[in-house]
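1. Quick one: sequence and predicted model below, then my questions.
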Amino acid sequence: MRDSLPLDTPARTDTGPDPQAPDPHSMAHCGSARIGRLLTAAQCRELRSLYAEDRLFRSRVVMARHGFGRGEYKYFAYPLPPLVQSLRETLYRRLVDQARAWSGRDYPSGLADFLRECHAAGQHRPTPLLLRYVPGDFNCLHQDLYGALYFPLQVAVLLSCPEREFTGGEMVTRASRNGQHEVRVHALAQGDALVLTTRDWPAPSARGRARTELRHGVSTLRSGERHVLGLVFHDAT
C-alpha cells in the first residue's frame with residue numbers, strides 16, 4: 001500500500017533547499033511569516049507537473065462539493081515525492097523550537113518520530129497536498145486539523161508566478177481574539193512560502209499573551225492558473 005510509510009528507513013534529504021527560519025517578530029504578532037525564495041522556478045515547475053500523476057495521490061477533493069469554496073486539491077500518498085519529503089522534514093526541524101515554545105509540548109526533534117506518535121494515535125494518512133485554482137476559484141477561511149494530535153505550524157508554498165501566470169488568488173489570514181478579527185493579505189512571489197499557525201498561538205496582548213485563533217484562505221482567482229504546495233506535518237485519521 002502506498003500509504004504505508006517505512007518510518008525506520010531514512011528518507012532522502014539531499015534534494016531540497018535549506019530554508020531560513022521564519023521571522024520571529026512576524027510569527028509572534030501575526031501568527032504567520034513569509035520565507036522568501038524557498039524554491040526555485042524549476043522546482044516549482046517540477047512540483048506543479050506532479051498534479052497530473054494520479055498514482056502519486058491518495059485522494060482528490062473538489063471544494064464546491066463540501067462547501068470549502070471552489071477549486072480542487074489532491075493529497076499525496078506515501079511514499080512522498082523526494083522534494084516534498086525533503087521539504088517536510090527540513091521545515092519541521094526549522095519550526096519545532098517555535099512549536100515547543102508556543103505549545104509547551106516537547107515535540108520530537110525529527111519528523112519521523114512525530115509521525116510515529118500520529119500513527120500510534122490512529123492518524124495514518126499523509127496530509128501534504130497540491131492545490132489547483134482556475135478563474136473564479138477561491139478557498140474559504142479554514143484550519144487544517146485532521147485529528148486530536150496536530151503540529152501547531154504548517155507551510156504553504158506558491159508554485160505559480162503572480163501577474164504572469166495568474167491574477168487574484170491572494171493568500172489571506174484572519175486572526176481572531178475576543179470577538180475582534182484582523183485580516184491580512186500576503187503578497188507572495190513564486191517559490192515563496194508562508195508559515196502559518198495551524199490553530200492558535202500566544203499573541204502579545206496588553207495583559208501579556210492571549211490565545212489567538214488563525215484561519216487562512218485564498219481570494220478569488222481572476223485569471224490564469226494557480227498551484228500551491230501545502231505542507232501539514234501531522235498525519236490524518
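-> Good, I have the coordinates.

2. Just after whichever strand in the chain runs longest, pick out the following helix or strand.
-> When the chain is parsed with DSSP state E, its longest strand is strand 208-218. Downstream of strand 208-218, the first helix or strand assigned by DSSP states H and E is strand 221-224.

3. What pairs with that following strand, parallel or antiparallel?
-> Sheet pairing of strand 221-224 (DSSP bridges) gives strand 166-168 (antiparallel).

4. Run through the chain and note the low-pLDDT ranges.
-> For the chain, applying pLDDT under 70 flags the ranges 1-17.

5. tell me the residue furthest from the middle of it?
-> In the chain, the greatest distance from the average C-alpha position (Cα atoms, centre = their mean) is reached by residue 207, at 30.7 Å.

6. about what we covered before: what does the longest strand of the chain contact?
-> 31-32, 69, 71, 133, 137-143, 156, 169-178, 196-203, 226, 228 (Cβ atoms under 8 Å, 6 or more residues apart in numbering). The way it works is simple: take the backbone N, C-alpha and C, and place the C-beta from them, glycine included.

7. can you confirm residue 145 is in a strand?
-> No: Residue 145 is assigned coil when assessed by DSSP: H, G, I helix; E, B strand; the rest coil, not a strand.

8. contacting residues around the residue nearest to it when sequence neighbours are not counted?
-> Closest residue in space to residue 145, ignoring its immediate chain neighbours: residue 199 at 6.3 Å, by Cβ to Cβ, 6 or more residues apart in numbering. Neighbouring residues of residue 199 by Cβ under 8 Å, 6+ apart: 143, 145, 150, 152, 213, 214.
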